[in-house]
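Asker: pasting the sequence and the predicted model now:
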Amino acid sequence: MAEGLKLPIIDLSSPDRTSSARLIRQACMECGFFYLVNHGVEEELLGRVFDQSSKFFSLPLEVKSKLARKQNRGYTALFAENLDPTASSKGDSKESFYIGPLEDATQNKLNQWPSEDILPSWRPTMESYYKKVLSTGKRLLSLIALALNLDEDFFEKVGGLNKHTALLRLLHYPGQLGSSDEEVLGASAHSDYGTVTLLASNGVPGLQVCREKSKQPRVWEDVIHIDGAFIVNIGDLMERSTVHRVIPAGQERYSVAFFLDPNEDSLVECLASCCNESLPPRCNNYPLQGIRTLQINAQYPSRLTTLIIIKCFMGRLRPCNWWTMLVKLPFNRVLVLFSTKPRNRYYTSNLSDTKSLLQVTTN
């Protein structure tokens, strides 16, 4: 039986921002998960989000399928996704709905919405929540900047989020799936590939964390629900991402995840002040859009893409650093990635071996 994981609690409203930043730094280096309270998102709004989410996922499959996922927006059905491409499972036992950025008109046009005739309050509820949690995420990033001994408005000043690619994802895990000989997980083992994730749930358990992913067998620890608190975890862009999963709990589980990610033209590389001759960068720089596309394709095994990657940056071809991910993909997949010189740079920092945080700056 999994043990309960004790995570630090960060008060976003605390006037002692130095202490809060210190706690975040410690949490990110040790586990990659923490709780966030007094975050500014009203419980009444969260309640409406879960109510509207439940109503949508209760609709007939043929109605939901009219909003099938396109360009990472819209509905994904049960077992359509497998977060662990190495697993033999038929897929994850969850259905979901993606909502992308609202501020940019071009991005917003990609969003799909249920008919107002069926769910008249759905769109305004989700738009209100998206805007609220985006504000919370930006405030959290200011504390992360302080944790890196930067000015708290560092991320804002460099424009790393002026064309952000944040996604809101509604999730529904059915309570009963029937008998099966194979292990079926709500969400198979994975790490988030973005910057930071803010998660709220309806209180039904199931989320588990593995702090030492290289050890076998893996030890899984339950993440306990705290009313009114977000569960926050950092993603691969912060390097010290933590493997986690969702196991069936015998009850319907609803959650809503907000993935706060930077501009697509960001370049990921190690910050100069966080490496030296004795601790050099582990990899060359790479375009955020390319690596994200690769990871998304890996999650949806029905896609037919190629296993060819071309990285073009500043007019030069460079060897790719993504082979460890590529070996997980079937051979009938090919992905061709082209990258031109981006405006913004995302940096991972080698704070303590593999335990790192991240920074952004501009060319």
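Answerer: Ah, there it is.

Asker: what packs against the longest helix anywhere in the chain?
Answerer: In the chain, ranked by residue count with DSSP state H as the criterion, the top helix is helix 122-147. With contacts taken as 3 or more CB pairs under 8 Å, 6 or more residues apart in numbering; DSSP states H and E, helix 122-147 sits against helix 17-30, helix 43-57, helix 154-158, strand 167-173, strand 196-201, strand 253-260, strand 355-362. Every C-beta, even on glycine, is put in place using the N, C-alpha and C of the backbone.

Asker: as a quick check, tell me the outermost residue of the chain.
Answerer: The centre of the chain is farthest from one residue, Glu277, which by CA atoms, centre = their mean lies 32.3 Å away.

Asker: pLDDT at that one, what is it?
Answerer: For Glu277, the pLDDT comes out at 82.

Asker: one more: Val219?
Answerer: Model confidence at Val219, given as pLDDT, is 91.

Asker: tally up the residues packed near the closest residue to it other than its chain neighbours, please.
Answerer: Nearest residue to Val219 in three dimensions, chain neighbours excluded: Cys210, at 6.4 Å (CB to CB, 6 or more residues apart in numbering). Neighbourhood size, Cys210 [other CB atoms under 10 Å]: 19.

Asker: bridging residues for Cys210?
Answerer: Cys210 has the following beta-bridge partners by DSSP bridges: Val243.

Asker: tell me the contacts of it?
Answerer: Contact partners of Cys210, counting by CB atoms under 8 Å, 6 or more residues apart in numbering, are Ala189, Arg218, Val219, Trp220, Glu221, Thr242, Val243, His244, Arg245.

Asker: helix, strand, or coil at the first one?
Answerer: When you say that, I think you mean Ala189. Put simply, Ala189 is strand when judged by DSSP: H, G, I helix; E, B strand; the rest coil.

Asker: next one: the helix or strand encompassing Gln107 to chain centre, how far?
Answerer: Per DSSP states H and E, Gln107 falls inside helix 105-108. With CA atoms, centre = their mean, to the nearest Å as the basis, helix 105-108 stands 21 Å off its chain's centre.

Asker: for it, what is the average pLDDT?
Answerer: Across helix 105-108, the average pLDDT comes to 92.

Asker: just the CA trace of it, in PDB.
Answerer: Below are the C-alpha coordinates for helix 105-108, written out as PDB (Å, rounded to 0.1, in the frame of the first residue of the first chain):
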ATOM      1  CA  ALA A 105      -7.400  35.800 -31.100                       C
ATOM      2  CA  THR A 106      -5.700  33.300 -33.300                       C
ATOM      3  CA  GLN A 107      -5.100  30.900 -30.500                       C
ATOM      4  CA  ASN A 108      -8.600  31.400 -29.100                       C
END
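
Asker: in it, what's buried?
Answerer: Of all the residues in helix 105-108, those buried under the rule 16 or more other CB atoms under 10 Å are Gln107.

Asker: again with stretch 68-77
Answerer: Buried residues in stretch 68-77, defined by neighbour count with 16+ other CB under 10 Å: Arg69, Asn72, Arg73, Gly74, Tyr75, Thr76.

Asker: and which of the residues you listed is nearest to Lys55?
Answerer: Distance to Lys55 across the buried residues of stretch 68-77 (CB to CB) is lowest for Tyr75, with 13.7 Å.

Asker: confirm that the closest one sits in a strand.
Answerer: Yes - assessed with three-state DSSP, Tyr75 lies in a strand.

Asker: going forward, begin numbering at 59 instead of 1
Answerer: Done: numbering now begins at 59, and the last item shifts to Tyr133.

Asker: that one: what's it in contact with?
Answerer: Tyr133 sits next to Lys122, Ser123, Leu125, Ala126, Arg127, Glu153, Ser154, Phe155, Gln170 when contact means CB under 8 Å, 6+ apart.
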